[in-house]
Structure formats: C-alpha cells, structure tokens
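> Would you be able to build a 3D model of this:
(chains A and B)
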Number of protein chains: 2
Amino acid sequence: MAKIVEFIPNFSEGRRQDVIDLLVKEARSVPSVMLLDYSSDTSHNRSVFTMVGDPAGIAEAAFRLCKLAGEKIDLREHHGEHPRMGASDVFPFVPVKEVSVAECVELSKAVAERIWKELHIPSFLYESSATRPERTNLATVRNGQFEGMPEKLLKEEWAPDYGERKIHPSAGIMAIGARPPLIAYNVNLGTSDIRIANAIAKTIRGSSGGYQYCKAIGVMLAERNIAQVSINMVNFEGTPLYRVFEAIRAEAKRWGVTIIGSEIVGLTPVKALADCAEYYLQIENFDYKKQVLENHLL
Amino acid sequence: MAKIVEFIPNFSEGRRQDVIDLLVKEARSVPSVMLLDYSSDTSHNRSVFTMVGDPAGIAEAAFRLCKLAGEKIDLREHHGEHPRMGASDVFPFVPVKEVSVAECVELSKAVAERIWKELHIPSFLYESSATRPERTNLATVRNGQFEGMPEKLLKEEWAPDYGERKIHPSAGIMAIGARPPLIAYNVNLGTSDIRIANAIAKTIRGSSGGYQYCKAIGVMLAERNIAQVSINMVNFEGTPLYRVFEAIRAEAKRWGVTIIGSEIVGLTPVKALADCAEYYLQIENFDYKKQVLENHLL
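Coordinates of the predicted model:
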C-alpha cells in the first residue's frame, strides 16, 4: 500500500491573486502530489493549502512552494490580522496512511534542512518535531512575529533549529514540523447562554485540566441564537471524539442543557469516526486494520 | 479515483487441495485484481474467495475462475453438506468504491453472458440482478440443487437467464448477481437464555416484520455461556447498524437484559461505521464523500 502524507502549508499572501495562482500551479507541479483544497483570506492576508501525496513527492512540493513563496512574498511589506513570521509561515506534515508520526518528523527535518541549505531561509521545528518542549506550541514559537524575530533569535534559547541567528531579509523564518491530524469539531448546545458553552469548554480542554489533546472555547452562533463549544481535536487517537462528546453531555446536564447537534468542519480521517462506532456499538476485539475492507484496497 | 468491485465466488470444492491451489493461482492471474482471502470447508466441500479489483479485471478473473472450476470440478461426483448446483456455485459482485449497484448488475450480466457463450454453462441472475422477484433469494433459486435442476429447468417459470433449459453435464448451473455488501454482525446479551435472543431476533429481522435488510437468529455462545443475536446486515445503507443495535437494546429491556458487547465478523465497509458515528455524535450536515480525508486519496 502507498504511503500518504498530508501537507497543509500556510502562506503569508491572501490578497494578490496572481501570486496565489502561481502557488496553486506550483502545488500541482509534482506528479504524485494532489492539491485537495486551498483557501485565501484577505483580512488575514494568508492562504492555506491542503495537499496529499507520497513522502518524497510532498517533500519536493514543499521545497518548490517555499522557493516560490520566498521569491514572490516580501514580509517587510506584509500586513494582515493573522500572526506570521515568514513568507511560507507554517509547514505541517501529517501522517495519513501507512506512515507514522516519526516518519513525518524525519520528513520535516529533511525539508527544513534543504530549505536552509538551498534557500537560506531558517526555521524552527515545532509540534512533534520540536527539539525542546517550549517549541511544541506554534504560538510560542511565532511570538514576536516577523518584526520581533531579529531580536528574539539572539536570545540564548531561541536559536533556529536550521540556520543562523538571523532571519531571511524578505522571507523571514518558518515553523516546520509533524503533527497528528487535527479535527475541527463543534458541539451545539440547546441554550443561547454563552457562559454555559464557556464553562463546558473550560472543563474539557487540556490547558485547564480537561482532555490533553482537546482545545476548546465557547462561541455564539448568532444566526441560530445558540451557544457552541468549538473544539480542535489535535490527536484523535489520544483523545477520541466520543470521549469529549460524552464529557460535554455530562457537563451540560448540570445546566439542564442538552446537545442539539455537532459538526465536523472540513476533513476528518475516517478512523476518527470508526473509533466512535466501535465505542457506541460496544464492538469487541475490533481490528481496524484487518476488518475494514478499504484497508485492503490497492 | 479507481472503481473497485468486490467479488466473492463460491466453488463446490473444499477437499482436493491441488484443485484449490489451482483456483488460488488463477484468482491471482489478473494484474489489477487482488485475492484478499480464501477459506475452504471440508464438510461443506466448498471454498469461498474474497477478491477486489477494477470492474474489467474482476470480470476477466470471474471468467477465468469459472472456466478452470468447470474443467476441474464434476458435480456428478460432488458430495457435501452445503447446498450447491454448480462447480462455480455463486458469483456475487459487490460495489466497494466509486461503483453503483447498477454498474455491478451490468457487470454480472456481462459475465453471465460470456460464461454461457464461451463455456456453455447456464446461469440464473439473483439478488439485485434478478429478472423476477422470486429469483432474488439464492435459496429459492438453488432449491432442488444440482440433482433436481434438469427437472426444475423445464418448469415454465424456471428457464435460466442465460442458456438453454438444461444444465451443463458436469459444471451444472450458476447463480450470478450484484448485491450490496453484507456485514456479519452479532450482538451479545447479558443472559444465558437463548429464548430471549430468539425473541429479539424475531422482532428485528425483516422476514418477521422487523427491519427490511436485517436477517437474524438467536444462538448460544457455549464457551461464554451467553446468548447472542446473530445478524446478517444485507444492506447497511438501507438498514444501518446503529438502528438495529438500538432496537435490540430497546427489546432487551423488557427482559431486564443488557447488551454486553457486539462483534463484526470479517470485513466491513468503513462507511457502515462512519454512519454510526454520525448518528451517535449527532453530526449535522455531514458530507461523507467530501469530508472524509481518505475519499480524496489517489
């Protein structure tokens, strides 16, 4: 079976359509790689691509895109609402099929090394590729942004993983790393009281004592006048969807509130859903790899 | 994306290893087709193969296997516990990926026609390919078996769909058709009273007023001393697993019995599990085709 890696590069360009078109074209330039989706946000001035392919193809595509973005995007002239530190801002590699996180870590390091050697753009390794605990979190790594990086890099603990202690003049510096697939999952509550959504979010998110691989906040859905627990499941094998769903159900009870629905935003690996079926149907001794028909396809 | 059909041929040979080996070799002779599994039963004197491939490859493999089985198996000398009417007894074609049941019906007709024209083995179309309602059910079609077929074929309503009103002297006659994937699904009860499993089975199976695409009986699991509802889900899109599971839970309540677990025997299409997650997590507006990452892979 073929190894498949997902690659979700974030570029600091969401306004100039000609540059976005060139990046799209480049994303399609490696035969074994597919561009599944891309979206640009003008207020963020940022574009996010979703690509899949075999590891070698993805590595090549990542390099080509980084080279092109470096030629076309000048961070000194970039303004937008979203924090950023590089022309190619974040390069995450996600295992999808027959690939481990460890293999994606190796892939991320090989890509970062080539980008430094051939393009002279430095990088931090983040998430599963991080070389220190405080580099795991993207927000911590990117703190200070493009403008603050020259000073940050001179601090003892903030030498780049690849490159010298200075940014590329126009392309800045990047975060490159492997991470498990992320599922954007929202649970809608039968209440219009956002305080309840916030209170529930606090109980389930790892940062305040909840489930380790769950990030959550309360938000209002104005058009439906309901409160929602908006969640990022950053590792569905470590913290499965059903566990968070049932925890929300249990917490909501104390407010006399029910769950009226949930939603998955964008893509999900199908195993995240199969794991839920296994739980709710109480399936004994299920062997996902062997018993799912599709796992045997060419 | 590639079209994938599953093919599960049943051969009337489960004892002579040399013949089984030849059939296995032939099953692997078409490049775009994979033999996933095969099993032989000596008391049934029967072998079942599980294969997947693109439609054209599966059609070719079906023909080659039918030809070989016709040369090596003589029904006049065949004895076993399992009912049978042909050397190649049953040829079911199941849509797996990017293929509809209708396309599998066409495939089954093309295979049946070629088998008649080139091998002079007649066939009935059954299941979704059936040309009359009473030919849908395999047991009805095969009733009379090999020995009773010459007489049966002379009856007004039992002309073969392909071929004349007489069997092939040694290879008999076959059932060929398309059907949805079948999931063997068992639900274990917290009781050792088989009467409760039987009573529940009766309420859920289509033949006695239950769910249309559900077949069920009660059985005892002697080694665990528990009763089980043993189910064949013959169309999980028409009757989803969760619906039957919840119906069993509700029926079991009247006996004060709980579900202690369930099991999937063999393979399942992953969508059957994803559909259950969608129900239990109350996911709104889920688009399986678009939102499952794996559906976008090459």
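
> Can you report how many residues neighbour the residue lying closest to residue A:53 once chain neighbours are set aside?
For residue A:53, ignoring the flanking residues on the chain, the nearest one in space by CB to CB, 6 or more residues apart in numbering or on different chains is residue A:33 at 3.3 Å. For the C-beta atoms, the positions are set from N, CA and C on the backbone; glycine is no exception. By the measure other CB atoms under 10 Å in any protein chain shown, the count of residues near residue A:33 is 23.

> mind listing what residue A:33 touches?
Residues near residue A:33 by CB atoms under 8 Å, 6 or more residues apart in numbering or on different chains: A:7, A:27, A:51-54, A:57-58, A:60-61.

> could I get those as TSV with neighbour count and pLDDT?
What follows is the contacts of residue A:33, written out as TSV (neighbours: other CB atoms under 10 Å in any protein chain shown; pLDDT from 0 to 100):
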residue	neighbour count	pLDDT
A:7	28	97
A:27	23	97
A:51	23	95
A:52	25	93
A:53	25	94
A:54	19	94
A:57	19	97
A:58	26	98
A:60	19	98
A:61	25	98
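
> before we move on, back to that, so for the residue nearest to residue A:53, what pLDDT did the model give?
Confidence at residue A:33, expressed as pLDDT, is 94.

> Got phi/psi on it?
When quoted as degrees, to the nearest 10, the phi and psi of residue A:33 stand at phi -120, psi 140.

> Then residue A:4?
Here residue A:4 shows phi and psi, under degrees, to the nearest 10, equal to phi -130, psi 130.

> tell me the pLDDT at the one residue in the stretch 1-150 of chain A that gets nearest to chain B?
When scored by CB to the nearest CB, the stretch 1-150 of chain A has residue A:36 as its residue closest to chain B, at 4.9 Å. For residue A:36, the model assigns a pLDDT of 90.

> same deal with residue A:298?
pLDDT, residue A:298: 54.

> In chain A, which residue sits furthest out from the middle?
residue A:256 (34.4 Å; CA atoms, centre = their mean).

> Okay, strands next: where are they in chain A?
The residue ranges that make up the strands of chain A, judged by DSSP state E, are A:4-7, A:10-11, A:33-41, A:46-53, A:88-97, A:123-125, A:174-178, A:183-189, A:214-221, A:226-233, A:259-265.

> Please identify the deepest-packed of those.
strand A:174-178 (a mean of 29; mean count of other CB atoms under 10 Å in any protein chain shown).

> For the stretch 1-150 of chain A, list the residues in contact with chain B, please.
Near chain B, the residues belonging to the stretch 1-150 of chain A are A:2, A:4, A:6, A:32, A:34, A:36, A:52, A:96-97 when assessed by CB under 8 Å from any CB of the partner chain.

> which two in the residues you listed are spaced the farthest apart?
Of all pairs drawn from those, the one with the longest distance (CB to CB) is A:2 and A:36, at 15.8 Å.

> picking that back up, so which of the strands of chain A is nearest residue B:281?
With CB to CB as the measure, strand A:259-265 is the member of those nearest residue B:281 (5.3 Å).

> what inclination does the closest one have with respect to strand A:226-233?
Strand A:259-265 and strand A:226-233 meet at an angle of 40 degrees, taking axes from the mean of the first three to the mean of the last three CA atoms, to 10 degrees as the criterion.

> And strand A:259-265, what does it pack against?
Counting contacts by 3 or more CB pairs under 8 Å, 6 or more residues apart in numbering or on different chains; DSSP states H and E, strand A:259-265 is packed against strand A:183-189, helix A:241-253.

> I'd like to know which of the ones you listed is closest to chain B.
helix A:241-253 (5.4 Å).

> Next, the buried residues of that closest one.
Along helix A:241-253, these residues count as buried under the neighbour rule (16 or more other CB atoms under 10 Å in any protein chain shown): A:241-248, A:251-252.

> Restricting to C-alpha, output it in CSV.
Coordinates of the C-alpha atoms in helix A:241-253 are reproduced here as CSV (Å, rounded to 0.1, in the frame of the first residue of the first chain):
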residue,chain,number,x,y,z
LEU,A,241,-14.2,12.4,19.7
TYR,A,242,-16.8,10.3,21.6
ARG,A,243,-15.0,10.9,24.9
VAL,A,244,-15.2,14.6,24.5
PHE,A,245,-18.7,14.4,23.2
GLU,A,246,-19.9,12.4,26.3
ALA,A,247,-18.0,14.7,28.6
ILE,A,248,-19.8,17.7,27.1
ARG,A,249,-23.1,15.8,27.5
ALA,A,250,-22.4,15.1,31.2
GLU,A,251,-21.2,18.7,31.9
ALA,A,252,-24.2,20.2,30.1
LYS,A,253,-26.6,18.2,32.4
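
> which residues are in contact with it?
When contacts are defined by CB under 8 Å, 6+ apart, helix A:241-253 is touched by residues A:183, A:185, A:187, A:189, A:196, A:199-200, A:203-204, A:210-211, A:214, A:229, A:231, A:233, A:258-259, A:262, A:272-273, A:275-276, A:279-280, B:277, B:280-281.

> Now that residue A:116 has come up, it's in contact with residue A:124, right?
No - with contacts defined as CB atoms under 8 Å, residue A:116 does not count as touching residue A:124, sitting 11.5 Å away.

> And the helices in chain A, which stretches?
Here chain A has its helices, by DSSP state H, at A:17-27, A:55-72, A:101-114, A:138-142, A:145-152, A:194-204, A:241-253, A:270-280, A:288-291.

> now the last one: how far from the chain's centre is it?
When C-alpha coordinates are averaged (CA atoms, centre = their mean, to the nearest Å), helix A:288-291 and its chain have centres 27 Å apart.

> returning to that earlier point: ok, the residues of the stretch 1-150 of chain A next to chain B vs residue B:66, which is closest?
Among those, residue A:2 lies closest to residue B:66 (CB to CB), at 31.9 Å.

> quick one: contacts for the nearest residue to residue A:260 once chain neighbours are set aside?
Of all residues not flanking residue A:260 in the chain, residue A:190 sits nearest, at 4.6 Å (CB to CB, 6+ apart). Shown here is residue A:190, whose contacts under the criterion CB under 8 Å, 6+ apart are A:226, A:257-260.

> one more time with 10 Å, if that's ok
Residue A:190 makes contacts with A:196, A:226-227, A:252, A:255-261, as judged by CB atoms under 10 Å, 6 or more residues apart in numbering or on different chains.

> now do residue A:255
By CB under 10 Å, 6+ apart, residue A:255 lies in contact with A:189-191, A:193, A:195-197, A:199-200.

> same thing but at 7 Å, please
A:191, A:196 (CB atoms under 7 Å, 6 or more residues apart in numbering or on different chains).
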